[in-house]
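**Q** Everything below, folded, please.
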Amino acid sequence: MKPELIRDRILAALPGSEVEVRDTTGTGDHFEARVVSPAFTGKSMVDQHQAVYAPLEDVLKTGELHALALKTYAPEQWQKWVERNRK
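**A** As a prediction, this is how the structure comes out:
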């Protein structure tokens with residue numbers, strides 16, 4: 001599976017998001033994604049992760065996508081993270 005396919009599916013489900021996906025092992029089935037979305041504002045981390053996994057449910061069930069580590073942020077959370085880690 002290609003990272004672009006995962007990115008496109010997430011973007012289709014969460015328009016207006018910033019999505020970065022990388023293959024963590026080079027095998028095409030283990031990935032890490034960072035998703036910054038206005039849709040996450042006021043949502044728990046569990047709700048954020050469920051929103052990202054939902055459009056990938058079919059490939060997770062088949063095992064084509066074996067693992068997806070997530071880092072999810074509302075825009076305000078992401079801005080604070082960036083500012084904190086700039087120093």
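**Q** Would you check that my belief about R7 contacting V21 is correct?
**A** Yes - in terms of Cβ atoms under 8 Å, R7 counts as a neighbour of V21; the distance is 4.7 Å. Glycine gets a C-beta too; all of them are placed from N, C-alpha and C.
**Q** quick one: which of the two has more around it?
**A** V21 (21 against 18; other Cβ atoms under 10 Å).
**Q** next helix or strand past the helix or strand containing that one?
**A** Following DSSP states H and E, one finds V21 within strand 18-23. Next helix or strand after strand 18-23 toward the C-terminus (DSSP H and E): strand 30-36.
**Q** which element follows that next one toward the C-terminus?
**A** Next along the chain after strand 30-36, taking DSSP H and E as the criterion, comes helix 45-53.
**Q** what's next to that following helix, contact-wise?
**A** Helix 45-53 is contacted from outside by 10, 13-14, 33, 35, 37, 39-40, 43, 60, 68, 70, 72, using Cβ atoms under 8 Å, 6 or more residues apart in numbering.
**Q** and stretch 34-47, what's its mean pLDDT?
**A** Looking at stretch 34-47 alone, the average pLDDT works out to 97.
**Q** Any idea how far apart the tips of it sit?
**A** Start and end residues of stretch 34-47 are separated by 15 Å (Cα to Cα, to the nearest Å).
**Q** swap in stretch 12-19?
**A** With Cα to Cα, one end of stretch 12-19 sits 11 Å from the other.
**Q** Give me the buried positions along that stretch.
**A** Neighbour-count burial for stretch 12-19, counted by 16 or more other Cβ atoms under 10 Å, picks out 13-14, 17, 19.
**Q** Can you add pLDDT and give the residues you listed back as a markdown table?
**A** Output for the buried residues of stretch 12-19, formatted as a markdown table (pLDDT from 0 to 100):
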| residue | pLDDT |
| --- | --- |
| A13 | 97 |
| L14 | 97 |
| S17 | 97 |
| V19 | 98 |
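**Q** Closest one to A54 out of those, please.
**A** The nearest member of those to A54, counting by Cβ to Cβ, is A13 at 6.2 Å.
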